[in-house]
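Q: Can you look at this prediction? I've put the sequence above it.
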Amino acid sequence: MGTSTIAGMVRATCSVIWLTLKSSLLPHPTRQHLLVIAQGFLERVQFPNSIGALDGKHIRVKKPPNSGSQYYHYKQFFSVVLLALADTNYRFIIVDIGSYGSTADARIFRASRMGRWIQFDQLDVPQPESLLGSTGPPAPYVVVGNEGFALSSHLMRPFPQRGLDGKRRNFN
């Protein structure tokens, strides 16, 4: 068989596998599931009210035909991006797979279904709760990401590394 025929068969097979298994292997997170994840973050890394850690991973690929520089990553290889929200046991909660390697994680996040769920409160995020031992106002549940992501009501990121004072360095 020709290469394009085999590639089409592999693509179709992967699509059927994903459509068949995605709801059982990667179900839409419920509020109860997010509370369990938050408990894991509190116990393992002493970070309260976190419902996941967000980051992207560039998967090296051969340059797709006629793709120009869309898949070309600034680290000088061709890639597709796996953007994932994970729990403290490194299990994926939500994924977005297949964006161009030239696209920044934050841009992929904004354009993804996962990003829209988080940005527009369409994920069943628990209501803010006071932190243990705190008398302050309730704190929201958040996703933690690196400084490439934009700070929002449900996404926390560190301070930029440039010009950090002691308090901000400690926070990071």
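A: Received it, and whenever you're ready, just let me know what you need. Numbering: from 1, shown residues only.
Q: Quick check: chain neighbours aside, which residue is closest to residue 156?
A: residue 142 (4.3 Å; CB to CB, 6 or more residues apart in numbering). All C-beta spots, glycine's among them, are computed from the backbone N, C-alpha and C.
Q: Quick check: the one you found touching residue 54?
A: No. Using CB atoms under 8 Å, residue 142 makes no contact with residue 54, being 10.1 Å away.
Q: can you give me how far the helix of greatest length in the chain is from the chain middle?
A: Using DSSP state H to define each element, the chain has its longest helix at helix 3-25. From the chain centre to the centre of helix 3-25 is a distance of 23 Å (CA atoms, centre = their mean, to the nearest Å).
Q: Would you mind measuring the gap between the ends of stretch 106-125?
A: Separation of the first and last residues of stretch 106-125 by CA to CA, to the nearest Å is 20 Å.
Q: and what of stretch 144-155?
A: 6 Å.
Q: contacting residues around residue 104?
A: Contact partners of residue 104, counting by CB atoms under 8 Å, 6 or more residues apart in numbering, are residue 148.
Q: again with residue 119
A: Neighbouring residues of residue 119 by CB under 8 Å, 6+ apart: 110, 152, 154.
Q: got the CA coordinates for stretch 49-66 in PDB?
A: The C-alpha trace of stretch 49-66 is given here as PDB (Å, rounded to 0.1, in the frame of the first residue of the first chain):
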ATOM      1  CA  ASN A  49      -7.000  25.500  46.100                       C
ATOM      2  CA  SER A  50      -5.200  24.300  43.000                       C
ATOM      3  CA  ILE A  51      -7.200  22.200  40.500                       C
ATOM      4  CA  GLY A  52      -4.300  21.400  38.200                       C
ATOM      5  CA  ALA A  53      -1.000  22.300  36.700                       C
ATOM      6  CA  LEU A  54      -0.900  23.500  33.100                       C
ATOM      7  CA  ASP A  55       1.900  23.300  30.600                       C
ATOM      8  CA  GLY A  56       2.700  22.500  27.000                       C
ATOM      9  CA  LYS A  57       5.100  19.900  25.600                       C
ATOM     10  CA  HIS A  58       6.400  20.100  22.000                       C
ATOM     11  CA  ILE A  59       6.400  16.700  20.400                       C
ATOM     12  CA  ARG A  60       9.100  16.500  17.700                       C
ATOM     13  CA  VAL A  61       7.700  15.500  14.200                       C
ATOM     14  CA  LYS A  62       9.000  15.300  10.700                       C
ATOM     15  CA  LYS A  63       8.100  18.500   8.700                       C
ATOM     16  CA  PRO A  64       4.700  18.000   7.200                       C
ATOM     17  CA  PRO A  65       4.600  18.600   3.500                       C
ATOM     18  CA  ASN A  66       3.700  22.100   2.300                       C
END
